[in-house]
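Colleague: dropping a prediction and its sequence here:
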2 protein chains.
Amino acid sequence: MPKTSNYGLESLFHPHSIALVGITLNEDWHWTRTLLDALLEFKFENSIYLVNPKGGKIHGLNVYRSLRDIPDDRIDYVISTVPAKAAPGLVEECSSKGVKAIHFCTAGFSETGEDEGVRLEADLVKLSRQTGIRVIGPNCMGIYCPASRLSFNPRFPKESGQIGIISQSGGISNMLITEAGWRGVRFSKVISYGNACDLNESDFLKYLTADPATKIIGLYIEGIKDGNTFRRTLEEAAQKKVVVLLKGGVTKGGANAVASHTGSLAGTETTWDSLCRQLGVMRVHSVEELSDLLVTLVFMPIPAGNRAALIGIGGGAGVMFADYLEKSGLTVPRLPSELVNQIRAFTSPAGNMLMNPVDYGQTLHEVDKFVEAIHIVSRWEGIDFLTLFICPSMAQGNISPIMDAMLKVGTALKLGTASVKPLAIVIVRTLALSREEITELSVVMHSFASLNLPVYCSFDGVASAILYIVGFSKSHPGKLQNLRRALCSPKV
Amino acid sequence: MPKTSNYGLESLFHPHSIALVGITLNEDWHWTRTLLDALLEFKFENSIYLVNPKGGKIHGLNVYRSLRDIPDDRIDYVISTVPAKAAPGLVEECSSKGVKAIHFCTAGFSETGEDEGVRLEADLVKLSRQTGIRVIGPNCMGIYCPASRLSFNPRFPKESGQIGIISQSGGISNMLITEAGWRGVRFSKVISYGNACDLNESDFLKYLTADPATKIIGLYIEGIKDGNTFRRTLEEAAQKKVVVLLKGGVTKGGANAVASHTGSLAGTETTWDSLCRQLGVMRVHSVEELSDLLVTLVFMPIPAGNRAALIGIGGGAGVMFADYLEKSGLTVPRLPSELVNQIRAFTSPAGNMLMNPVDYGQTLHEVDKFVEAIHIVSRWEGIDFLTLFICPSMAQGNISPIMDAMLKVGTALKLGTASVKPLAIVIVRTLALSREEITELSVVMHSFASLNLPVYCSFDGVASAILYIVGFSKSHPGKLQNLRRALCSPKV
């Protein structure tokens, strides 16, 4: 196998031109068409060529009958959606055209566990070695790199960020980027790499470790190709960057699933746990947790300790939230009476709670008072961070008054007149609202995210993410502080 | 205190007429107005009278200046939103008008921890005893009884069901009814009872235990008034019905919150845990878990064991879901090769997984095949139940093709041609979609719910709910089977 070099991989992320080979002609809804839709939506910076033996036109673009017919001598990068059987032939054709790398979306290789698929993948590896053409996949979604306007999903954010993702699953890439993206997280490069027949997790991890645009690396791994190489690579990555790992297939049933998903060997729960501990890699156990931790790393200043103040709307919500935080290992100390009295001086106690949790639901419409209460609580030396909580499905009737108040609170936070401590926003997710209310809810979430505040969708989500960074910053002194400085410095 | 009788409480749920005392005149958005909106939206079956010293009209209804001015000699039930200070005076006025019960929404009593509030609540109790008028609250939302078109929230379902809820928090009632209601659960009676100065959790629990319309009782308790009475009442309830309990304030921080929310003493985690075990009460730890368990009890036939088959869309989703199920204590056995071959006979292995999890994402548009695959898996003796999973935010681009396929799968399930085993639907919740997509998602969820299928919004939610009922049906033989027979029998 040719030695991996950053230069070789750089052309994957900034190709001179792209050919989409195997694109479907007449079915607009087909997933091969979504790949083109994504490139057009992103306005990919260089040439896009389409190939299908039937010829024709799609969105006014010429469809060439073969790769050879394309009148361009420099096609760096081929995205292939041809059936597995046609894959080896395509590598040979690409070789004659000087292609540097092929991303095989198509599945039907070793992950099927069937002889033909295993043989076809072996052929692919052999041809890749013979021709020197690097292969991503097969059975994956490929590359998202907003800087070069390269994307495999039209709905991904168009702006670049400082998080790199290496994911063995395309679906998990989609979920992570849309969900974390919706909360303001932005990415440098994302690679969905599937069966990893040539380029594998270690190759991409080396690349992102060296990539100056990437400060945090997130990994979704089902199985690894070469344990020793991966271990060394992960160790170096964790020394230079902040690394978060989600391992799929840690149970017997999950490992069976992994075998038929990407044809990988999964490894045991304890192996992965001790590996991450030894190397200082943060470990999460679900896509939601990964998403919450990325939001936290990007937007939450590191609290000095585990003492939380809760201020928001809803008594029952406050009780539940306090229980969640304390069960997870954080503490919710009682507000001292002099501070209660300060808030009490301008707040009716009827229908509000002034102890920590502070429930300001009854006086919600008087936003100046709400903001002043936040300010008083945030200055209290007995806490390390603040969480502002709302739970829209606990509302009586329409949620608009709450959403209006939250937008005004956001404005006050923007002016810096509210919290002097790290602040997290928790808006408990619900779908049981009208279309209009869901839109209002989105506006509020985006408005907090645009203030560079971490926004969470569940009580357990915010509890475990904050507990994690508080613990990690104690066991790895300076590391997250350095990350925050790096994230705030001008982008490369 | 007058002895509680079902007759006395019956008039709370089917009052001859209602007076809303203290309703706000000019502020449409005010929460006191939401109470009226709810009664109007539900078309409450009897007379509604409005009272405010200023007089006037709201929505064409006359506003009386005092209760005495109302030209009706039989006002059973008063919903009061007057300030705490005016509460004792209102009890005296109600007495002269022959009122049977007053629901005090208003807060500002013992839960404030302030002398005045404590004194006002004591006055309320004294007057209630002297006049024989029963009091709900203060500091609560009161009663939802769809059979008599009585509701405190305009968005609650209008149809009756067989679940009774007793909740110390109005917000938690709102969340539970809207979220579980959105998934098809319907309620007989819901009582949000707040500080419980007169009628308390034990009174309502006795009532629901005797109520033939109620088959399942859900409780959200922050603190109890009389431990011995409650224990005896809970024991009897658990003998006659299925009882699910959510205890708020089980941590130190949560208990502090409880003290300022409803002025209650919370009790320790271990006390509640052993109480529930001894009495055969199901215990949950969040509103989401309570909602999931109610959905399961109402819609899921009890699986004979803990072996799950997973069939749905998405490889990474399948891996994560299998891990969740096995970590929680369920098992995901490997599909035997003869069944794999049966599915393989009409399914390409490329992009699909045929092992359990079965990922049918690549052949999604051929719904007949998808349904046949579900049918084959459901007949396998090696499993006890099936879960159909989709994770919309893992989709590549627009989710419409997936939603279309799911509606067609629903139709096949309706015809009974799909699953022969208990079936759960999991649609992982996301807000990171367009308005149109969120609407499509809701349509699909409602369509499954209307087929009386249990619909879940998260992998961990379905895993813990099913694990719970499988375990409970083993430790309490016959109980859940009897419940299912009762739920299916004609409603009382």
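Modeller: In hand now; what should we look at?

Colleague: longest strand in chain A, please.
Modeller: The single longest strand within chain A, with elements called by DSSP state E, is strand A:160-167.

Colleague: helices or strands up against it?
Modeller: Judged by 3 or more C-beta pairs under 8 Å, 6 or more residues apart in numbering or on different chains; DSSP states H and E, strand A:160-167 is in contact with helix A:170-182, strand A:187-192, helix A:201-210, strand A:216-221, helix A:287-299. C-beta here means a position set from N, CA and C on the backbone, and glycine is covered the same way.

Colleague: so which of those gets nearest chain B?
Modeller: When these are compared by C-beta to the nearest C-beta, helix A:170-182 sits nearest chain B, at 3.4 Å.

Colleague: so the closest one, near chain B or not?
Modeller: Yes. Contact of helix A:170-182 with chain B (C-beta under 8 Å from any C-beta of the partner chain) involves A:170-172, A:174-175, A:178-179, A:181-182.

Colleague: okay, which residue is most central for chain A?
Modeller: Nearest residue to the geometric centre of chain A (C-alpha atoms, centre = their mean): A:Leu176, 3.8 Å.

Colleague: rewinding a little: what does the longest strand of chain A contact?
Modeller: Contacts with strand A:160-167, where a contact means C-beta atoms under 8 Å, 6 or more residues apart in numbering or on different chains, come from A:146-147, A:173, A:176-177, A:185-193, A:201, A:204-205, A:208, A:211, A:213-221, A:294, A:298, A:486-487, A:491, B:316.

Colleague: need the buried ones from those selected in PyMOL.
Modeller: For the buried members of the contacts of strand A:160-167, the matching PyMOL selection, counting by 16 or more other C-beta atoms under 10 Å in any protein chain shown, is:
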select buried, (chain A and resi 146+173+176+177+185+186+187+188+189+190+191+192+193+201+204+205+208+211+213+214+215+216+217+218+219+220+221+294+298+487) or (chain B and resi 316)
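
Colleague: pretty sure A:Ser95 is touching A:Ile102, no?
Modeller: No. Assessed by C-beta atoms under 8 Å, A:Ser95 is found out of contact with A:Ile102, at 10.0 Å.

Colleague: can you list residues touching both of those two?
Modeller: Common neighbours of A:Ser95 and A:Ile102 (C-beta under 8 Å, 6+ apart) are A:Ile133.

Colleague: export stretch A:411-418 as CSV, just CAs?
Modeller: In CSV, the C-alpha atoms belonging to stretch A:411-418 read as follows (Å, rounded to 0.1, in the frame of the first residue of the first chain):
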residue,chain,number,x,y,z
THR,A,411,-30.5,40.3,24.0
ALA,A,412,-29.6,41.1,27.6
LEU,A,413,-27.0,38.2,27.6
LYS,A,414,-25.6,39.6,24.4
LEU,A,415,-25.1,43.0,26.1
GLY,A,416,-23.1,41.1,28.8
THR,A,417,-25.4,42.4,31.5
ALA,A,418,-26.7,39.0,32.7
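
Colleague: so how far is that stretch from its chain's centroid?
Modeller: Remark: stretch A:411-418 is offset 28 Å from the chain centroid, using C-alpha atoms, centre = their mean, to the nearest Å.

Colleague: so which residues make contact with that stretch?
Modeller: Stretch A:411-418 has contacts (C-beta under 8 Å, 6+ apart) with A:367, A:371, A:374-375, A:378, A:409, A:419, A:423, A:448, A:451, A:453.

Colleague: cool, and stretch A:38-45?
Modeller: Here stretch A:38-45 makes contact (C-beta under 8 Å, 6+ apart) with A:18, A:20, A:48, A:59, A:146, A:148-154, A:156, A:158, B:397.

Colleague: please identify the buried residues of that stretch?
Modeller: A:38-39, A:41-42, A:44.

Colleague: among these, which one lies nearest to chain B?
Modeller: A:Ala38 (7.5 Å).

Colleague: so the closest one sits in a strand?
Modeller: No. In this structure, A:Ala38 is helix, not part of a strand, as judged by DSSP: H, G, I helix; E, B strand; the rest coil.

Colleague: if we can go back for a sec, can you add neighbour count and pLDDT and give the residues of helix A:170-182 next to chain B back as CSV?
Modeller: Shown next, in CSV, are the residues of helix A:170-182 next to chain B (neighbours: other C-beta atoms under 10 Å in any protein chain shown; pLDDT from 0 to 100):
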residue, neighbour count, pLDDT
A:Gly170, 25, 95
A:Gly171, 28, 95
A:Ile172, 27, 97
A:Asn174, 30, 97
A:Met175, 29, 96
A:Thr178, 21, 95
A:Glu179, 23, 95
A:Gly181, 19, 96
A:Trp182, 22, 94
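
Colleague: neighbours of A:Leu441, how many?
Modeller: By the criterion of other C-beta atoms under 10 Å in any protein chain shown, A:Leu441 has 21 neighbours.

Colleague: could you check how far the helix or strand hosting A:Val444 is from the centre of its chain?
Modeller: When elements are assigned from DSSP states H and E, A:Val444 belongs to helix A:435-450. Distance of helix A:435-450 from the chain centroid (C-alpha atoms, centre = their mean) equals 20 Å.

Colleague: quick one, what contacts A:Ser286?
Modeller: By C-beta under 8 Å, 6+ apart, the contact set of A:Ser286 is A:246, B:320, B:324, B:459-460.

Colleague: so what pLDDT did it get?
Modeller: Here the pLDDT value assigned to A:Ser286 is 96.

Colleague: from the buried residues of stretch A:38-45, pick the one nearest A:Gly227.
Modeller: Nearest to A:Gly227 among those: A:Ala38, at 34.1 Å, using C-beta to C-beta.

Colleague: and the gap between that closest one and A:Gly184?
Modeller: 21 Å (C-beta to C-beta, to the nearest Å).

Colleague: just A:Pro53 next, same as before
Modeller: 44 Å.

Colleague: tilt between the helix holding A:Val444 and helix A:287-299?
Modeller: With axes from the mean of the first three to the mean of the last three C-alpha atoms, to 10 degrees applied, the angle from helix A:435-450 to helix A:287-299 works out at 40 degrees.

Colleague: mean confidence score for helix A:435-450?
Modeller: 92.

Colleague: and the next helix or strand past that helix?
Modeller: strand A:455-456.

Colleague: does any part of that next one sit near chain B?
Modeller: No. Strand A:455-456 does not reach chain B (C-beta under 8 Å from any C-beta); its nearest approach is 10.9 Å.

Colleague: can you list the strands that that strand pairs with?
Modeller: When pairing is defined by DSSP bridges, strand A:455-456 lines up against strand A:423-427 (parallel).

Colleague: and after the helix or strand bottoming out on mean pLDDT in chain A, which helix or strand comes next?
Modeller: Ranked by mean pLDDT, DSSP states H and E, the weakest helix or strand in chain A is helix A:6-13, scoring a mean of 75. For helix A:6-13, the following helix or strand on the C-terminal side (DSSP H and E) is strand A:17-21.

Colleague: many thanks, we can stop here.
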